[in-house]
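Engineer: quick one: sequence plus predicted model below, questions after.
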Amino acid sequence: MMAGLIIAGGRARRMEGVDKLTARLGADTVLGRVAACIGPQVDHLALNLNRDVERFADLHLPILTDDPRFTGNPLAGMQAGLSWARALGATRLLTVSGDTPFLPHDLVARLAAAGEGAVIAASGGRRHPLIGLWPVSLLPALEDFLKGGPDCRIGDWARAAQASTAGWPATPIDPFFNINTQADLDQARDLAEHA
């Protein structure tokens with residue numbers, strides 16, 4: 001069984017007051033596009049979020065909040081997701097970022113084909129460690145890793161978990177393009193319009 005988690009706990013500090021996740025991108029919101037792409041690829045899908053939960057009620061997804069021991073780090077979302085996936089009886093957890101509206105429809109299949117251990121996505125020579133497939137059995141190791149405090153980085157965790165990579169081309173659109181600024185949102189709208 002495969003579980004999926006959209007990690008949407010960022011504070012969008014560079015978005016000048018715009019909520020990037022609920023921003024319109026074509027006929028849907030940014031987060032709606034992510035959920036529509038990932039939902040069919042997994043057996044169960046949830047959203048990791050720690051504030052303003054009511055904004056996303058229309059997605060009808062379970063909301064997972066960070067364990068207070070680990071909050072303040074994207075890895076806290078992964079820890080919550082792995083705990084949830086284990087309770088479901090899932091063997092692997094897909095994690096994606098909520099601000100990546102062009103995710104590939106073969107994401108799970110290609111990550112799974114790259115190996116049975118941890119696998120992260122790559123494009124254009126760049127690794128994207130938040131977008132990956134993680135064995136649920138890694139939960140105790142992740143919790144140990146998080147004892148290092150809020151400075152624990154997801155790239156360091158991917159190395160510690162000996163994650164392999166699965167690559168995609170970055171053209172004509174990088175499938176892992178993420179929205180961090182208003183300029184990124186404008187570019188995403190242009191890409192969506194001309195895709």
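Structural biologist: Okay, I see it.
Engineer: so how far is Ser123 from the residue nearest to Leu107 when sequence neighbours are not counted?
Structural biologist: The shortest distance from Leu107 to any non-neighbouring residue, by C-beta to C-beta, 6 or more residues apart in numbering, is to Gln41 (6.2 Å). For glycine as for every other residue, the C-beta is placed from the backbone atoms N, C-alpha and C. To Ser123, Gln41 is 17 Å away according to C-beta to C-beta, to the nearest Å.
Engineer: wait, the residue nearest to Leu107 sits on Arg110?
Structural biologist: No - at 10.4 Å, Gln41 and Arg110 do not qualify as touching, with contact defined as C-beta atoms under 8 Å.
Engineer: higher neighbour count, those two?
Structural biologist: More crowded of Gln41 and Arg110, by other C-beta atoms under 10 Å: Gln41, with 20 against 15.
Engineer: and the more buried one, its phi and psi?
Structural biologist: Backbone torsions of Gln41, given as degrees, to the nearest 10, read phi -90, psi -10.
Engineer: please report the distance of Trp134 from His194.
Structural biologist: Counting by C-beta to C-beta, the gap from Trp134 to His194 is 34 Å.
Engineer: so if I had to pick from those two, which one is more boxed in?
Structural biologist: Per other C-beta under 10 Å, whichever of Trp134 and His194 has more neighbours is Trp134, with 27 against 8.
Engineer: make sure that one is indeed in a strand.
Structural biologist: Yes - counting by DSSP: H, G, I helix; E, B strand; the rest coil, Trp134 is part of a strand.
Engineer: I'd say it and Ala158 touch.
Structural biologist: No - Trp134 is not in contact with Ala158 according to C-beta under 8 Å; the separation is 9.4 Å.
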